[in-house]
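Novice: A predicted structure for the sequence below; I have some questions about it.
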Amino acid sequence: MTKHKHFLLVQGLLIIAYTFFLISILLRRHEALMIVGLTIKLIGTFVSYLNWKSKMLLVGLGLQIVSFVTVLILGNRLEGAGYAMIQFMEIQAMVLEGAYVSLALSDVILMYQSSRITQKASLVPVYRGLSLLALGIVVIDILGYSFLIPTVLIVMISVLEFASYFVYAVILFYEMIQYRKNIKFYA
């Protein structure tokens with residue numbers, strides 16, 4: 001597969017993955033849609049790593065795998081461990097928070113990596129701004145989990161997350177269309 005086809009494949013996979021995330025957020029974190037989106041994102045990150053051999057992408061891929069393993073394996077083990085309901089809920093909250101932070105950090109890495117491989121110099125600050133916004137969401141989420149913060153900030157996490165995913169998917173789509181036009185023009 002050529003670099004052009006890899007670029008378009010990765011862009012397409014990420015657009016589909018983030019579209020699933022957007023729909024999942026609108027449907028109050030629909031689990032099945034989130035899992036499908038995460039799986040597609042994992043495949044897209046893996047294909048991207050194979051093509052660009054970036055250490056950052058390898059870290060992002062590792063964070064996604066850690067999140068999957070944490071939620072699927074540890075989550076299933078917790079259910080059968082016989083904890084009291086309060087203990088179970090506390091441990092489950094910590095596990096899910098760790099998984100969420102891992103996934104959010106992988107989003108930060110993917111958005112930053114997009115700024116490094118973009119074909120348009122004008123999109124570099126946009127991708128980097130989105131990665132900073134995603135990092136800010138992670139920080140707010142960790143603060144919200146660790147300390148008492150105003151409810152407005154907690155609600156804003158979902159709003160900011162939706163906005164960042166939406167903008168990222170739209171920019172990826174725009175760049176993919178522009179890239180395809182340029183390939184046809186120069187072919």
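Specialist: All right, it came through fine.
Novice: ranges for the helices of this protein?
Specialist: Secondary structure of the chain, counting by DSSP state H: helices at 3-26, 31-52, 55-69, 75-79, 85-117, 124-146, 151-186.
Novice: Flag the shaky bits of this protein, pLDDT-wise.
Specialist: For the chain, the stretches with pLDDT under 70 are 1-3, 74-83, 85, 183-187.
Novice: Nearest to the spatial middle of it, which residue is it?
Specialist: Compute the mean C-alpha point of the chain, and by C-alpha atoms, centre = their mean the closest residue is residue 107, 3.5 Å away.
Novice: Can I get stretch 161-176 in CSV? Just the C-alpha atoms.
Specialist: As requested, the backbone C-alpha atoms of stretch 161-176 are provided in CSV (Å, rounded to 0.1, in the frame of the first residue of the first chain):
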residue,chain,number,x,y,z
GLU,A,161,-15.2,16.7,24.5
PHE,A,162,-18.1,16.6,22.0
ALA,A,163,-16.9,19.9,20.5
SER,A,164,-13.3,18.7,20.2
TYR,A,165,-14.3,15.4,18.6
PHE,A,166,-16.6,17.1,16.2
VAL,A,167,-14.0,19.7,15.1
TYR,A,168,-11.4,17.0,14.8
ALA,A,169,-13.6,14.7,12.6
VAL,A,170,-14.7,17.6,10.4
ILE,A,171,-11.1,18.7,9.9
LEU,A,172,-10.0,15.2,9.1
PHE,A,173,-12.8,14.9,6.6
TYR,A,174,-11.9,18.3,5.0
GLU,A,175,-8.3,17.3,4.8
MET,A,176,-9.1,13.9,3.3
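Novice: coming back round to it: for burial, what's the neighbour tally of the nearest residue to the residue nearest to the centre of the chain once chain neighbours are set aside?
Specialist: On the basis of C-beta to C-beta, 6 or more residues apart in numbering, the spatially nearest residue to residue 107 that is not a chain neighbour turns out to be residue 134, at 5.0 Å. For every residue, glycine as well, the C-beta is placed using N, CA and C. By other C-beta atoms under 10 Å, the residues close to residue 134 number 23.
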